[in-house]
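J.: Based on what follows, work out the 3D shape:
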Amino acid sequence: MLLFVLRHGHAEPFSKSDETRALTEGGRAEVAAVCKERASELAQVKTIWASPFVRTRQTAKIVAEAFGLEVEIQEVLTSDTPLAELLDALGEVEEKSFPLLLVSHQPLVGELVNGLCGTGNEHPMGTASLACLSSDVWALDCAELEWLQHKP
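T.: Take a look at the predicted model:
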């Protein structure tokens, strides 16, 4: 199974709360560029999950519109979610929902990619970074990093 992990694009530095920070125009452009660069791979995605924060919903919407998909908001994708909780949620997803794209925040995206691959902090996840992982089971040290695309 394939799992795509996307960190939101560059967001405005300040807002009423962290949850309401929106993408900047540059952030929108970063996400669109990554979608264009990895269009053939992202065209395989069947399901998109996004954190409820504004910037991740905006990021997910860019991908969803490009590939004719809907976005499912998942509370488990907020940045302070324990990795074990996210892995439990992934373990409950039916195989037919994969390839699955997760759109979330640091530190969760970095912990997820590196935890699944058993790579410590080897693979950084900057804004609009997109990782593709493959595995038969979503557990620590059980996935292989197929590729990691940083913003062009």
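
J.: Could you use CA atoms for every contact and neighbour count after this?
T.: OK.

J.: so Phe4 is in which element?
T.: Element membership of Phe4 [criterion: DSSP states H and E] is strand 2-7.

J.: Report the buried residues of the next helix or strand along the chain from that strand.
T.: Sequence-wise, the next helix or strand downstream of strand 2-7 (DSSP H and E) is helix 25-37. Using 16 or more other CA atoms under 10 Å as the test for burial, helix 25-37 gives Gly27, Arg28, Ala29, Glu30, Val31, Ala32, Ala33, Val34, Cys35.

J.: go on, stretch 116-134?
T.: Neighbour-count burial for stretch 116-134 [16+ other CA under 10 Å]: 116-118, 124-134.

J.: End to end on that stretch, go ahead and measure it.
T.: One end of stretch 116-134 sits 10 Å from the other (CA to CA, to the nearest Å).

J.: repeat for stretch 10-22
T.: Taking CA to CA, stretch 10-22 runs 9 Å from one end to the other.

J.: So what touches that stretch?
T.: 23-24, 26-28, 30, 52-55, 58, 127-128 (CA atoms under 8 Å, 6 or more residues apart in numbering).

J.: If we only consider these, which is nearest to Glu72?
T.: Pro52 (9.2 Å; CA to CA).
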